[in-house]
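> Build me a model from this:
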Amino acid sequence: MHKRLWVLAAISVVLGITASGRAAISSPTDSHVSFHASGPAGLAIEGKTPDLLVAEQDGNLIITVPLANLSTGIDLRDKHMKEKYLEVPKYPNAVLTVARSVLKVPSSGEKLATDTPGTLQLHGQTRPVTVHYEAKGDGGSIATSGSVHINMTDYGIQVPSYLGVTVKPEVDVTASFRVAGN
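Now for the predicted structure:
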């Protein structure tokens, strides 16, 4: 369960990067990152964090999600997720990297939805991902939201299990934020 939460956070990072496109990037505002994991008998786990950083480096947009404040609302589950599955002290961040040249940036008043390739670094592993994102130009800023679907075992994360209940390895991660751009 905890690993899925961490994976969601990582995906959220990926989504945030794509929205900033070719505009100059500022610190993100109104950021929300979440993940959704599921298991047997309708088990649904959602983790959330407001922590998200956006930067430009070497022609790439880099979205970093610090995992220390990721929360599912249950302290014991959060402890297991961070210590046993995500190993946050060893791997403190999920990092999504997208080439700036492949990002589409909407004009003011324009809204777009598209997919873009990127790489996600999570739990010390880096893998290619496809990020679906929506972006809307709003004057001097861009509002974006995106999602990524990952399998935690691809990142070397043990599938969470507690008291005989095991979550599925597939996790959906979403993120949204706003950046100023010109």
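> What are the boundaries of the strands in this protein?
Here the chain has its strands, by DSSP state E, at 29-38, 44-49, 53-57, 60-66, 93-99, 111-122, 125-138, 141-151, 161-162, 165-166, 170-180.
> what packs against the fifth one?
In this case it means strand 93-99. helix 2-19, strand 60-66, strand 111-122, strand 125-138 (3 or more Cβ pairs under 8 Å, 6 or more residues apart in numbering; DSSP states H and E). Placement of C-beta: from N, CA and C, glycine included.
> Return the set of buried residues in it.
Judged by neighbour count (16 or more other Cβ atoms under 10 Å), strand 93-99 contains these buried residues: 93, 94, 95, 96, 97, 98.
> in its sheet, what does it sit against?
Strand 93-99 has its sheet partners listed here by DSSP bridges as strand 60-66 (antiparallel), strand 111-122 (antiparallel).
> Format the buried residues of strand 93-99 as JSON lines; extra columns: distance to residue 107 and pLDDT.
Below are the buried residues of strand 93-99 laid out as JSON lines (distance: Cβ to Cβ, whole Å; pLDDT from 0 to 100):
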{"residue": "93", "distance to residue 107": "32", "pLDDT": "97"}
{"residue": "94", "distance to residue 107": "30", "pLDDT": "96"}
{"residue": "95", "distance to residue 107": "29", "pLDDT": "96"}
{"residue": "96", "distance to residue 107": "24", "pLDDT": "96"}
{"residue": "97", "distance to residue 107": "25", "pLDDT": "96"}
{"residue": "98", "distance to residue 107": "20", "pLDDT": "94"}
